[in-house]
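> predicted structure and sequence below. I'll ask about it afterward.
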Amino acid sequence: MNQQATLLTRPDWRLELQQAFRNPNDLLEYVGLDASQFFEDSRARELFPLLVPRPFARLIKPGDANDPLLRQVLPLKQEFDDTPGYTADPLLEQGDNVAVDKNQGLLHKYQSRILIILKGGCAVNCRYCFRRHFPYQEIRFSQQELSQTIDYLTRNPQINEVILSGGDPLMASDKTLTRIIDALSNVTQLKRLRIHSRLPIVIPTRITETLVGILANTRLKTSLVLHANHANEISAELKHRLASLYKAGIHLFNQSVLLKGVNDNVDSLTELSESLFDCDVLPYYLHQLDKVSGAAHFEVSDDTAQQLWLGMNARLPGFLVPKLVREVGGENSKTAIMPDGRFK
Ligand code: SF4
């Protein structure tokens with residue numbers, strides 16, 4: 001089959017992935033910016049490759065160097081800053097304390113939930129990502145790993161929820177997702193399936209009728225937790241496709257990361273919650289940044305975060321105000337950092 005024929009037979013989202021920007025200069029040219037103002041030190045891209053799908057790039061405001069979407073994906077020289085307290089593995093996921101067997105991509109951090117790192121890669125590389133130094137290449141989740149996971153579940157009957165994570169679990173093919181979800185639905189103790197994904201945000205066409213069917217046709221209560229950080233990420237296409245998931249009974253949530261220069265103001269955070277709910281998505285968590293090396297320039301202090309949270313609380317109904325939390329390596333739940341311990 002020639003290359004053109006391969007492209008035509010691939011699902012849209014795979015095509016989008018293939019055509020994503022991988023070179024900062026190409027992305028900057030596309031959004032009408034002069035690369036020389038960013039890359040006095042072009043080594044930044046060596047740290048964690050740039051990867052930006054075109055549907056996401058189309059949402060970046062042309063000519064705006066401070067665009068909140070651009071800031072999330074563009075390598076900057078500050079990534080070389082060596083900031084005390086910032087490490088390669090801020091959540092201690094690469095140690096033996098939480099990984100059942102890191103080669104099988106299974107993490108058991110919380111008593112009643114396990115997390116499967118189904119796919120190492122993502123459709124976008126976010127500069128603030130806490131897994132930017134994660135050994136993705138060691139992750140494989142094939143039939144053998146699935147069988148080991150089912151065994152592990154059987155030996156741990158307190159686990160009632162499986163979280164598919166990554167990387168991005170929706171990078172898996174529909175066939176793989178079907179096989180895994182079918183196997184998990186046969187484990188009688190399991191009640192819930194949760195999928196954490198940013199893929200629909202950057203390539204909305206990942207939500208196909210087939211995917212909706214896969215997620216809807218299981219006895220498990222299924223949730224999709226999106227990872228949107230700014231209202232500008234929510235396109236009309238995404239809204240349209242989320243409606244199919246909602247109609248099929250999939251529970252939709254969102255978690256965001258509080259990022260300096262992206263969403264660190266009350267207007268942005270409020271607008272994000274409003275836009276999410278317009279798509280029937282509930283804001284769930286607002287995370288403080290994980291202190292991963294190379295991301296310190298995104299840090300917002302806890303004091304500022306609390307002020308922002310109070311500002312949102314004053315403007316929004318309670319169900320649209322996400323919990324302000326931080327993940328602490330080794331802790332068995334997220335740590336609430338809301339003012340005066342509100343709603344812990
Ligand atoms: S989509 Fe999530 S896991 Fe992937 S690079 Fe972005 S933040 Fe990291």
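Everything's here; your move.

> contacts only, for the closest residue to the ligand within the stretch 151-300 of the chain.
Nearest to the ligand, among the residues of the stretch 151-300 of the chain, is R198, at 3.6 Å (Cβ to the nearest ligand atom). C-beta coordinates here come from the backbone N, C-alpha and C atoms, glycine included. By Cβ atoms under 8 Å, 6 or more residues apart in numbering, the contact list for R198 reads 122-124, 126, 168, 226-228.

> keep only these that also lie close to the ligand.
Near the ligand, taking Cβ under 6 Å from any ligand atom as the test, the members of the contacts of R198 found are 122, 124, 126, 168, 227.

> and which of those residues is nearest A57?
For the ones next to the ligand among the contacts of R198, the residue nearest A57 by Cβ to Cβ is V124; the value is 9.9 Å.

> what about V225, which SS state?
With DSSP: H, G, I helix; E, B strand; the rest coil as the basis, V225 sits in strand.

> which residues does it bridge with?
Counting by DSSP bridges, V225 forms beta bridges with H196, F253.

> correct me if wrong: it contacts N254.
Yes - at 6.8 Å, V225 counts as touching N254 under the criterion of Cβ atoms under 8 Å.

> if you count what's nearby, which of those two comes out ahead?
More crowded of V225 and N254, by other Cβ atoms under 10 Å: N254, with 25 against 20.

> joint contacts of V225 and N254?
Joint contacts of V225 and N254 (Cβ under 8 Å, 6+ apart) are Y284.

> next SSE after the least confident helix or strand in the chain by mean pLDDT?
Ranked by mean pLDDT, DSSP states H and E, the weakest helix or strand in the chain is helix 3-9, scoring a mean of 48. Moving toward the C-terminus from helix 3-9, the next helix or strand (DSSP states H and E) is helix 12-18.

> now the next helix or strand after that next one: buried residues?
Using DSSP H and E, the next helix or strand after helix 12-18 towards the C-terminus is helix 24-30. Residues of helix 24-30 classed as buried: 24-25, 27-28 (neighbour count, 16 or more other Cβ atoms under 10 Å).

> same list (these) but as TSV, adding distance to the ligand and pLDDT.
Shown next, in TSV, are the buried residues of helix 24-30 (distance: Cβ to the nearest ligand atom, whole Å; pLDDT from 0 to 100):
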residue	distance to the ligand	pLDDT
P24	16	90
N25	21	90
L27	16	94
L28	20	94
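
> biggest separation within those, which pair?
N25 and L27 (7.4 Å).

> which residues touch R194?
The contact partners of R194, by Cβ under 8 Å, 6+ apart, come to 113, 161-164, 222-225.

> nearest residue to A248 in space, please, no chain neighbours.
Once flanking residues are discounted, A248 sits nearest to A216: 3.9 Å by Cβ to Cβ, 6 or more residues apart in numbering.

> just to check, the one you found is in contact with E209?
No - in this structure, A216 is not within contact of E209 by Cβ under 8 Å, at 10.3 Å.

> does stretch 280-290 come close to the ligand?
No - Stretch 280-290 lies apart from the ligand when judged by Cβ under 6 Å from any ligand atom; the minimum separation is 9.6 Å.

> may I have that stretch as CSV, with CA atoms only?
The C-alpha trace of stretch 280-290 is given here as CSV (Å, rounded to 0.1, in the frame of the first residue of the first chain):
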residue,chain,number,x,y,z
ASP,A,280,-21.7,18.9,30.5
VAL,A,281,-18.3,18.4,32.1
LEU,A,282,-17.8,19.0,35.8
PRO,A,283,-14.7,20.7,37.1
TYR,A,284,-13.1,18.2,39.5
TYR,A,285,-9.6,19.2,40.6
LEU,A,286,-7.5,22.2,40.2
HIS,A,287,-4.0,20.9,40.8
GLN,A,288,-1.0,22.8,42.0
LEU,A,289,2.0,22.1,39.7
ASP,A,290,4.0,18.9,40.4
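
> what comes into contact with it?
Applying Cβ under 8 Å, 6+ apart, the contact partners of stretch 280-290 are 90-91, 128, 130, 225-226, 242-243, 246, 252-259, 269, 272-273, 276-277, 295, 298-300, 302, 305, 309, 319-327, 334, 337.

> the same query, at a cut-off of 6 Å, please.
Residues outside stretch 280-290 that contact it (Cβ atoms under 6 Å, 6 or more residues apart in numbering) are 90, 130, 246, 252-258, 273, 276, 298-299, 320, 322-326.
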